[in-house]
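Undergrad: dropping a prediction and its sequence here:
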Amino acid sequence: MFGVAPAIVLFGLRLGQTSSLTLNNNNNNNKYGIKVCFYSFRAMWASAVILSLVYTFNFFTGMILYSAYKTCDPVSAGEVGGADELLPLYVMQALSSFKGVPGFFVAGIFSASLG
């Protein structure tokens, strides 16, 4: 559907996160600190699934931004100060017709930065 490159990116992200979950010293200390190994492996697999979902969501968010701004560059046009402001710009342009959605998005960003 999207081609070979996104599949390679998703496979590489999953491979990278699996190695970080199994080889990271902090994760190993947490795994072996739990008395029952079943719970530690359950937590490790749950973490791998959740991280896969987060990385997949981030990947598709980037693809949406790319498809929205592939013909124009808001950074070079001076609409935004940097590439990190593209997602809020997209939310304001695409979802401003829905009452309260841009504010909800900004509130989500602030609450995520606090947590």
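TA: Structure's in. What do you need? Numbering: from 1, shown residues only.
Undergrad: just checking, P102 touches Q93?
TA: No. Taking C-beta atoms under 8 Å as the definition, P102 is not a contact partner of Q93, at 9.7 Å. Placement of C-beta: from N, CA and C, glycine included.
Undergrad: out of these two, which sits in the more crowded spot?
TA: A count of neighbours by other C-beta atoms under 10 Å puts P102 above the other of P102 and Q93, at 17 against 14.
Undergrad: for that one, report the pLDDT, please.
TA: On the pLDDT scale, P102 is placed at 87.
Undergrad: buried set for whichever strand or helix holds it?
TA: Here P102, judged by DSSP states H and E, is contained in helix 101-114. By 16 or more other C-beta atoms under 10 Å, the buried positions in helix 101-114 come out as 102, 105.
Undergrad: helices or strands next to it in the packing?
TA: helix 86-95 (3 or more C-beta pairs under 8 Å, 6 or more residues apart in numbering; DSSP states H and E).
Undergrad: quick one: contacts of the helix it packs on?
TA: Residues outside helix 86-95 that contact it (C-beta atoms under 8 Å, 6 or more residues apart in numbering): 61, 64-65, 68-69, 74-75, 79-80, 101-102, 105-106, 109.
Undergrad: same question for stretch 96-103.
TA: 91-92, 95.
Undergrad: top of these by neighbour count?
TA: In these, the most neighbours by other C-beta under 10 Å go to V91, 16 neighbours.
Undergrad: circling back to that earlier point, can you put the contacts of stretch 96-103 in JSON lines and add distance to A46?
TA: Shown next, in JSON lines, are the contacts of stretch 96-103 (distance: C-beta to C-beta, whole Å):
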{"residue": "V91", "distance to A46": "30"}
{"residue": "M92", "distance to A46": "35"}
{"residue": "L95", "distance to A46": "31"}
